[in-house]
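> okay, here's the prediction I keep looking at, along with the sequence it came from:
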Amino acid sequence: MQDQDNDIDGQRHQVQNLNRFPQWAIAIMCVPLLLLIGCPQQQRTSGNIPAKATAPTVAAQSATAAPPMTQAQSNDLAARTYKDRQLINRVEGIYQSGINNYRGGRLEAARSDFDMAVDLMLTSGMNMKSDPQLADELEQLLNKINTLEMSALKEGTGFSAPIEAAPLDAADEVTFPPDAALTAKVKEELKTTQSDFPLVVNDYVAGFINYFTNSKNGHATLLHSLQRAGKYKEMISKILREEGVPQDLIYLAVTESGFQPQALNRKSGAGGMWQFMPTGAYGLARNGWVDERFDPEKSSRAYARYIKSLHDQFGDWYLAMAAYDWGPGYVQRSVMRTGYADYWELYRRNALPQETKNYVPGIIAAIIMAKNPKQYGLEGLVPEPEVISDTVNVDYPVDLRLVADLANTSLPEIIALNPSLLHMTTPRDTDFDLHVPVGTRDLYLTRIKNIPEGKRMSWRFHVVRPGESLESVASIFHDRPAEIAAANRLDANVSITTGDQLVIPVTAVVAAPHPLHYVTRPGDTLVTIADRFNVSVEDLRRWNHLSSSTIKPHRSLEVAQPVHLAPATHVRTKRSHAVTGAIAKRRSTASSSPKSSAMSSSHNSTAKMTMRKKQKKSSR
């Protein structure tokens, strides 16, 4: 049974993706519109009147001709004023909760509070443009939140908790001088290491083992990645086995995301545990409702099939890994230019970019260390518990807060189990495999029958706790006791008891869709902005009359409102300017080709092939 804090959390909108633009930050772009439109009273009295101007006599006549307010009009005004005050009090209460969470260092909870406060106003159904009291409240609220965000950004935090970089990202520009003794030691240990992957030890691999063992940062990031691997290892191993991929290639996720399924590169838009780009034919659905790149199971299946296709193309796992990192077209050209279809020979001949040189030996090092934990200081590694859930196939839209109510769990847990959802609901026009905590499938199916299908986007469900009454339950959900009683066929004066199950008929309020503006940040591109707001690059160009793809920081662009539920995490990486510039220049020529052409075996198609997500690595 949820505690009172979870009731509050159940009312909050959770926001994806670990650096997707928050609702309140988007809404702040609307403030100038409110100020420009103003309220009717302000429009009538605006203008600069000369100090000595003589008032027209008609003005006095108009004033005396104004009809007196009727009793009905007076009552209506009083009701609107009361309703405004109720809304403002609720908004201020949620905002104060955000302040408390912010001061307590609970940044995600603070952001959730601020999002909910703004959302409550924007979806209240009240006219913010014509109501000066509400317009002023919204403006003040947005200004206060923006001030806090600016302060947080200056401190390097923002409203998102920091995310750990993947191990190779943490390595950055570390160099690994040859160590003959270490190389010999690792070679000897390799003789007893069991693997279905062709492991090799050389100075390059030994250098990464040295880094992951003796560097405090390198050791910590590898350790945490391997701990997180426990959450998905059984599921991924099963998929790799079914697709004919070596089991030890699970550790490619160490490099890609550190086993963080919601990892997102904000520059390129590459996302998920396996860092797929937003475009490409990987068999992953991506639309206005879901993005399966963030689904651990479905993206792992796509990864297994894609890496297997690369192996079929190159006939070598090392070259397949290099192609996964750099792009098959680039690897194919290096092979044809040098005449060597051998990763290590391409390495020695400097036919690979530096990050791809690090990529393969870094993964091999992680495999060797994971299989020999005691030798490399990983004996204390405790894998995180496996993520398991029940699955319910739903062919109707249902709000995730209602799902949490029905399954006796919290909203954050439901969101974590369904990271591919982009909205607070399941899709409207297609079915969806909804994940709920283990053991709650039947409970969900039984309770959902009590909610009319057309009401599952707004209604809630509540199990009565000790000391609660209809009035207190109504207060929790901002509903009326009489309406709750009617929905549950109860007498209005009846006493409810602990354990009673109540349907809560919350009124649905939907905000009308409208265009918003986004102020670009350093590093933004049209591709990443389009991905963030779920629109096309062509739309952005058309809406903003752009003739090129160059976007300067601090420019206001017209976009569509984004809704990304999953708290995004971000892979932020750096590389030296010389390497980055060269890679970016080479890759810009391939960025227009569909990645799906990687499945072609012909040289012409692979040479034109766009690289996989490592377009993103030009940001490293």
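Okay, I see it. Numbering: from 1, shown residues only.

> can you tell me the closest non-neighbouring residue to Leu411?
Ala404 (4.6 Å; C-beta to C-beta, 6 or more residues apart in numbering). (Glycine included, C-beta is placed from N, CA and C.)

> just to check, that neighbour is in contact with Ala416?
No: applying C-beta atoms under 8 Å, one finds Ala404 not in contact with Ala416, separated by 11.1 Å.

> more neighbours: which of the two?
Neighbour count, other C-beta atoms under 10 Å: between Ala404 and Ala416, Ala404 has more, with 24 against 17.

> CA-only coordinates of the host helix or strand of that one in CSV, if you can.
Element membership for Ala404 (DSSP states H and E) is helix 400-406. What follows is helix 400-406, C-alpha atoms only, in CSV (Å, rounded to 0.1, in the frame of the first residue of the first chain):
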residue,chain,number,x,y,z
LEU,A,400,0.4,5.5,-16.1
ARG,A,401,-0.8,7.0,-12.8
LEU,A,402,-3.9,4.8,-13.0
VAL,A,403,-1.7,1.9,-13.8
ALA,A,404,0.4,2.6,-10.7
ASP,A,405,-2.8,2.8,-8.6
LEU,A,406,-4.2,-0.5,-9.9
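
> let me know the next secondary structure element after it.
helix 411-417.

> pull out the buried residues from whichever strand or helix holds Ala184.
Using DSSP H and E, Ala184 maps to helix 180-190. Residues of helix 180-190 classed as buried: 182-183, 186, 189-190 (neighbour count, 16 or more other C-beta atoms under 10 Å).

> try stretch 427-444
For stretch 427-444, a neighbour-count test (16+ other C-beta under 10 Å) marks 427, 432-437, 440-441, 444 as buried.

> quick one: the strands in the chain, in order.
Secondary structure of the chain (DSSP state E): strands at 263-264, 390-394, 432-436, 460-463, 501-504, 516-519, 556-559, 569-570.

> among those, where is the model least confident on average?
If the strands of the chain are sorted by mean pLDDT, strand 569-570 sits at the bottom with a mean of 38.

> burial of Gln73, as a residue count?
Using other C-beta under 10 Å, the number of residues around Gln73 comes to 11.

> hmm, back to that, most tightly packed of the strands of the chain?
strand 263-264 (a mean of 30; mean count of other C-beta atoms under 10 Å).

> so which elements touch that one?
Counting contacts by 3 or more C-beta pairs under 8 Å, 6 or more residues apart in numbering; DSSP states H and E, strand 263-264 is packed against strand 569-570.

> any low-confidence regions in the stretch 451-600 of the chain?
Along the stretch 451-600 of the chain, the model assigns pLDDT under 70 to residues 508-517, 531-534, 560-600.

> can we see that at 50?
Residues of the stretch 451-600 of the chain meeting the criterion pLDDT under 50: 509-515, 561-600.

> helices of that one, start to end?
All helices of the stretch 451-600 of the chain, identified by DSSP state H, counting those that start in this stretch, fall at 470-476, 481-487, 526-532, 537-544, 577-588.

> show me how far stretch 317-325 is from its chain's centre.
Counting by C-alpha atoms, centre = their mean, to the nearest Å, stretch 317-325 is centred 28 Å from the centre of its parent chain.

> and the contacts of it?
With C-beta atoms under 8 Å, 6 or more residues apart in numbering as the test, stretch 317-325 has contacts from 197-198, 246, 249, 252, 306-307, 310-311, 313-314, 330-332, 335, 341-344, 346, 352, 355-356, 359-360, 363, 598, 612, 614, 617.

> PyMOL command to pick out the buried ones of the residues you listed?
Command for PyMOL that selects the buried part of the contacts of stretch 317-325, burial taken from 16+ other C-beta under 10 Å:
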select buried, resi 197+246+249+252+306+307+310+311+313+314+330+331+332+335+341+343+346+352+355+356+359+360+363+598+612+614+617
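
> so which of the contacts of stretch 317-325 sit within helices?
252, 306-307, 310-311, 313-314, 330-332, 335, 343-344, 346, 355-356, 359-360, 363 (DSSP state H).
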